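Novice: Sequence first, predicted coordinates after that:
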Amino acid sequence: MGKAQKYVLLGDATYPLQDWILKPYQEDENLTQRQLQFNYRLKRAHSVIENAFLRLKARWQILLKCDDCSLELLPTLVLACCILHNICEAHDNPFNEEWLEGTEPTELPKPCQPAPASMEDGRAEQVRELMCQYFESCGEG
């Protein structure tokens, strides 16, 4: 894209647009085809993340009971499960699809109300536009 970008988190429409939170364009009849494509790709990426967390919770069911551990411990616990998952994969101990039977997909936590427009970062629109252009240059998919 000709411009260095830092990492971004994916959010939905309830999050404020920031240069580090990528969110979809507001759905309405005025969206261009390019913006619709961007929203579609963002939604697909978000579903990959949800599926990854579902599989992680299915393999490491301690993550289903994290409500009884401290918030300070939670990032370390999730990271440990990710590392153990990668070790299992590297040693040909693949994910067993039957583990998913005991795991229900859950909504990832998100704000209840949309963020006020005052929280939006005007510079972030440039980041979203660059990503929109990038997705358009990648073609369909």
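Specialist: Alright, I've got the coordinates.
Novice: Spit out the contact partners of Leu22.
Specialist: By CB atoms under 8 Å, 6 or more residues apart in numbering, the residues touching Leu22 are Val8, Leu9, Leu10, Gly11, Leu42, Val127, Arg128, Met131. In short, each C-beta sits where N, CA and C put it, glycine included.
Novice: Which strand residues bridge it?
Specialist: Leu22 has these beta-bridge partners by DSSP bridges: Leu10.
Novice: Filter the contacts of Leu22 down to just the buried residues.
Specialist: With burial judged by 16 or more other CB atoms under 10 Å, the buried subset of the contacts of Leu22 is Val8, Gly11, Leu42, Val127, Arg128, Met131.
Novice: Tell me the one among these nearest to Val48.
Specialist: Of all the buried ones among the contacts of Leu22, Leu42 has the smallest distance to Val48: 10.9 Å, by CB to CB.
Novice: Surely that closest one and Leu10 touch.
Specialist: Yes: the pair Leu42 / Leu10 is scored as a contact, 6.3 Å apart, by CB atoms under 8 Å.
Novice: Need the overlap of contacts for those two.
Specialist: In terms of CB under 8 Å, 6+ apart, Leu42 and Leu10 are both contacted by the residues Leu22, Lys23.
Novice: do you know how far the nearest residue to Ala115 once chain neighbours are set aside is from Cys138?
Specialist: Closest residue to Ala115 apart from its sequence neighbours, by CB to CB, 6 or more residues apart in numbering: Pro16 at 3.7 Å. Here Pro16 is placed at a distance of 26 Å from Cys138 (CB to CB, to the nearest Å).
Novice: With Tyr25 instead?
Specialist: 17 Å.
Novice: next one: Ala115
Specialist: Taken as CB to CB, the span from Ala115 to Cys138 is 29 Å.
Novice: Return the set of buried residues in the longest helix along the chain.
Specialist: Longest helix in the chain by number of residues, with DSSP state H as the criterion: helix 33-59. Using 16+ other CB under 10 Å as the test for burial, helix 33-59 gives 35, 37-39, 41-42, 46, 53-59.
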